[in-house]
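Participant: how does the following fold in three dimensions:
(one chain, ligands or ions: 2)
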Amino acid sequence: MGSLFQSDENKPLLERKINSNTKWNSKPFFKWGLIIFVLCLIFFVVIFVILKNVNQQVPSATTEKSQTTKHKLHISSVDTTYNDYLMQCAPRVKCDPNAKYRRINGSCNNLVKPTLGASKTPFLRMLKANYADGYYELRNQTNGSALPSARVVDINVFLTREKYHVDENNVLLLPFSQLLAHDLSGLTNDVPENEFNVVTDCCTDKNARKTFSQCQLVVENPPDDPVYSKHNIFCMGLVRSLTSRNYSCPLYPTTFMNDNTHFIDASNVYGSTDTDARRLRLMEGGRLNFSIGDNGQMFCPYQQKKKYEPVELQHTSFQYDSGDPTNGNQNLGIGVMQTAFLRFHNYIAFKLMALNPYWSDETLYQESRRIVIATIQRIVYNDLLPIIIGEDYQQIYGINKENIYDPTVNPSMALELSSAAIRVLHAIIPVQFNFMNNEYEITSSENITDWMLRPVLLPIKDNFDKLLKGFLETPGRMVQPSYNFYISNYLFSFPGKPRYTGRDLLALDIARGRDVGLQPYIKVKHLCGLPLAKSFADLEDLIHIRDINKLKELYHSVDDIDLIVGLLLEKISDGAIVGPTTQCLIADGFYRYKAGDRFFYDVQGQPGSFTPEQFKIIKKITLGHVICAISNVNHVQKDIFKLVDHNLFSTSKLKCDDEFYLSFEEWTESNDRQEL
Ligand code: HEM
Ligand SMILES: [Ca+2]
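Facilitator: Ligands and ions are numbered 1, 2, ... in the order given. The predicted structure follows:
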């Protein structure tokens with residue numbers, strides 16, 4: 001031992017100096033050395049355990065590494081096939097870094113990876129795809145047996161206890177959220193056709209399931225189905241989604257492409273391809289093309305007859321055209337929103353033209369578009385998200401901060417979000433829409449499911465205004481563990497045919513999660529930093545024991561529960577309208593769509609940034625301004641998504657004429673000459 005310390009001279013200088021300054025002899029030094037050694041050992045063990053835990057929380061990507069963590073709550077997402085997509089399929093894109101306006105297809109937002117967030121690029125995955133064959137076949141339970149039928153899950157867990165709890169929010173929350181959903185996400189059905197180009201119904205066509213892989217998503221209705229069995233309807237002919245293979249881009253594991261731009265950029269108003277955008281433009285005064293309704297009001301243009309139409313669209317007399325016509329026509333609510341933002345665009349274009357008579361059609365179009373997009377982004381982050389995930393959560397997550405653009409953030413939509421978490425809001429779909437006049441009288445009501453894919457009611461008389469008024473004045477349905485009875489049974493029933501020819505939206509959502517290969521609920525919950533459930537009993541922290549017991553009867557293991565099923569059953573978090581895992585997934589997504597968007601309205605120092613004076617105006621625009629500008633509704637509430645009884649709180653109703661005047665003076669050319 002002594003000899004060890006005799007060779008002290010060979011030690012590094014610093015250490016030797018310390019030793020020389022202390023009067024340690026070899027014995028205490030040995031003692032301290034041992035202590036330091038033990039402390040180091042403990043330190044390394046702790047680090048090892050932490051790292052192991054982190055690895056378990058975020059399973060490694062198949063092809064690409066995790067993104068940097070931006071905040072302690074942020075999910076380190078995996079981006080499974082984006083690099084493969086870049087190498088094998090991405091088109092070459094040349095960007096102009098000085099371009100002032102975002103491109104229609106979303107490319108060139110990120111100047112390093114120009115296709116990030118563009119339309120027809122892969123959805124992001126937070127966790128690896130979960131398929132039986134690791135590739136495409138729908139997942140099985142952990143014991144190898146098939147998952148329970150999605151319809152059976154709905155009937156047993158949700159449908160039988162369907163009650164209608166009303167909310168303090170109004171119905172407007174629904175169509176605006178839906179408009180947003182289809183701005184961000186566009187998964188397309190892979191509709192099978194036979195050799196005569198006739199669309200095949202995967203349920204009724206006996207051979208279809210053997211012939212077409214698309215038909216694997218058929219959902220079996222149980223023999224004791226409360227609605228369908230007495231009419232001898234034993235299945236729902238759902239079809240799988242288009243994959244990258246349909247875009248001549250064979251990626252492994254199966255990759256789904258977003259048909260819309262991933263950004264919040266009103267792509268469902270303007271289109272996600274240049275061809276669509278051009279078709280939708282009037283090419284005059286910067287305005288969008290439109291049609292005229294009964295009373296001379298402006299509506300979306302009619303859709304030109306397409307050669308091929310999915311079966312659902314064939315039974316309608318006419319369809320409106322828009323940036324996402326399939327979803328834009330889906331129900332009267334989203335139809336109102338599509339119309340509202342088309343009108344708002346044309347309203348702004350008209351105002352800008354009055355201020356700048358010499359501006360070209362292109363400049364008027366792009367400037368109006370830029371203001372419309374900024375308006376939508378502002379409503380989402382200022383008014384919508386605080387209701388959905390809660391203001392505090394939004395603050396903690398860092399979503400509220402201005403000017404947070406970071407080119408390393410991937411702005412893509414995650415499948416966990418689009419095919420599960422956002423769809424939790426399907427629970428707020430009411431049964432009916434009320435038509436209301438400015439005297440607050442309900443003049444009629446229509447079942448939403450009776451008018452799916454049939455926007456024919458919209459342009460009749462003053463229906464548009466009355467629907468909008470009805471949205472503002474009718475209490476919404478609270479998020480709860482069920483969808484309403486109609487949407488759970490009569491979705492897309494054929495006009496003229498009985499309602500029971502329809503489908504079940506909740507079963508469809510469960511099936512869609514399986515189609516895109518989502519991991520089960522507990523894995524995603526754990527990814528959000530919540531405890532990993534190892535048994536059904538462990539679910540009790542967030543799910544009611546009564547529901548756990550039902551899940552036990554349906555699923556073999558806690559590890560088999562479908563994501564959306566768990567999300568819908570979770571206790572609602574304080575200050576939010578959704579549970580903690582949904583909150584976490586939504587927060588993650590909306591952090592991306594902001595921090596990953598170079599053209600986000602509050603980003604400064606970019607060619608597309610608003611001038612400080614323009615920015616001040618943008619910050620004043622609310623959904624109230626939009627409604628007042630584009631409709632005959634004459635009063636709106638300040639908290640636009642809150643239900644305010646006009647009898648009790650007449651002062652909280654603001655008069656459109658007085659309160660919601662919009663001026664775009666800051667866009668006059670003399671003020672903004674360098675930028676235009
Ligand atoms: C009356 C209102 C609504 C109806 C009838 C409705 C119905 C539907 C249907 C039928 C689908 C396609 C399901 C599939 O094949 O996978 C869908 C998809 C979707 N819905 Fe809704 N929905 C409504 C409102 C909402 C709302 C309020 C939200 C929430 C923000 C929402 C979010 C979504 C999302 C994110 C998708 C997936 C979009 C995609 O990736 O293509 N929906 N909805
Ligand atoms: Ca978009």
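Participant: okay, CA-based contacts and neighbour counts for the rest of this
Facilitator: Noted.
Participant: what residues sit buried inside stretch 273-291?
Facilitator: Residues of stretch 273-291 classed as buried by neighbour count (16 or more other C-alpha atoms under 10 Å): 273, 276-277, 279-281, 285-290.
Participant: can you put these in a markdown table and add distance to ligand 1, secondary structure and pLDDT?
Facilitator: Below are the buried residues of stretch 273-291 laid out as a markdown table (distance: C-alpha to the nearest ligand atom, whole Å; DSSP: H, G, I helix; E, B strand; the rest coil; pLDDT from 0 to 100):
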| residue | distance to ligand 1 | secondary structure | pLDDT |
| --- | --- | --- | --- |
| 273 | 16 | coil | 97 |
| 276 | 18 | helix | 97 |
| 277 | 19 | helix | 98 |
| 279 | 22 | helix | 97 |
| 280 | 21 | helix | 98 |
| 281 | 24 | strand | 98 |
| 285 | 32 | coil | 98 |
| 286 | 29 | coil | 98 |
| 287 | 27 | coil | 98 |
| 288 | 24 | strand | 98 |
| 289 | 25 | coil | 98 |
| 290 | 24 | coil | 97 |
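Participant: what residues are up against residue 522?
Facilitator: Residue 522 makes contacts with 532-533, 558-559, 561, 563, 566, as judged by C-alpha atoms under 8 Å, 6 or more residues apart in numbering.
Participant: can you show me the strands along the stretch 401-550 of the chain?
Facilitator: Counting by DSSP state E, counting those that start in this stretch, the stretch 401-550 of the chain has strands at residues 432-436, 442-447, 475-477.
Participant: most tightly surrounded among those strands?
Facilitator: A comparison of the strands of the stretch 401-550 of the chain by mean neighbour count, using mean count of other C-alpha atoms under 10 Å, puts strand 475-477 on top with a mean of 24.
Participant: what packs against that one?
Facilitator: Other elements packing on strand 475-477 under the criterion 3 or more C-alpha pairs under 8 Å, 6 or more residues apart in numbering; DSSP states H and E are strand 166-170.
Participant: tell me which other helices or strands whatever helix or strand comes next after the strand it packs on touches.
Facilitator: Later in the chain than strand 166-170, the nearest helix or strand by DSSP states H and E is helix 173-184. Contact analysis of helix 173-184 by 3+ C-alpha pairs under 8 Å, 6+ apart lists helix 267-270, helix 332-355 as its packing neighbours.
Participant: and the closest residue in space to residue 532 that isn't next to it in sequence, how many neighbours?
Facilitator: Nearest residue to residue 532, sequence neighbours excluded (C-alpha to C-alpha, 6 or more residues apart in numbering): residue 526, at 5.2 Å. If you count neighbours by other C-alpha atoms under 10 Å, residue 526 ends up with 16.
Participant: residue 514 now?
Facilitator: Close neighbours of residue 514, defined as other C-alpha under 10 Å, add up to 26.
Participant: can you tell me the element the closest residue to it other than its chain neighbours falls in?
Facilitator: Of all residues not flanking residue 514 in the chain, residue 138 sits nearest, at 6.0 Å (C-alpha to C-alpha, 6+ apart). Using DSSP H and E, residue 138 falls within no helix or strand.
Participant: I'd say residue 138 and residue 145 touch.
Facilitator: No: assessed by C-alpha atoms under 8 Å, residue 138 is found out of contact with residue 145, at 11.5 Å.
Participant: contacts for stretch 547-557 next, please.
Facilitator: Contacts for stretch 547-557 (C-alpha under 8 Å, 6+ apart): 141-143, 147-148, 153, 156-157, 535-537, 539-540, 558, 561, 569.
Participant: check the gap between the closest residue to residue 634 other than its chain neighbours and ligand 2 for me.
Facilitator: Once flanking residues are discounted, residue 634 sits nearest to residue 656: 5.2 Å by C-alpha to C-alpha, 6+ apart. Look at residue 656 and ligand 2: by C-alpha to the ion, to the nearest Å, they are 29 Å apart.
Participant: ok, which of the helices and strands packed on helix 173-184 comes nearest ligand 2?
Facilitator: Of all these, it is helix 267-270 that lies closest to ligand 2, at 4.4 Å by C-alpha to the ion.
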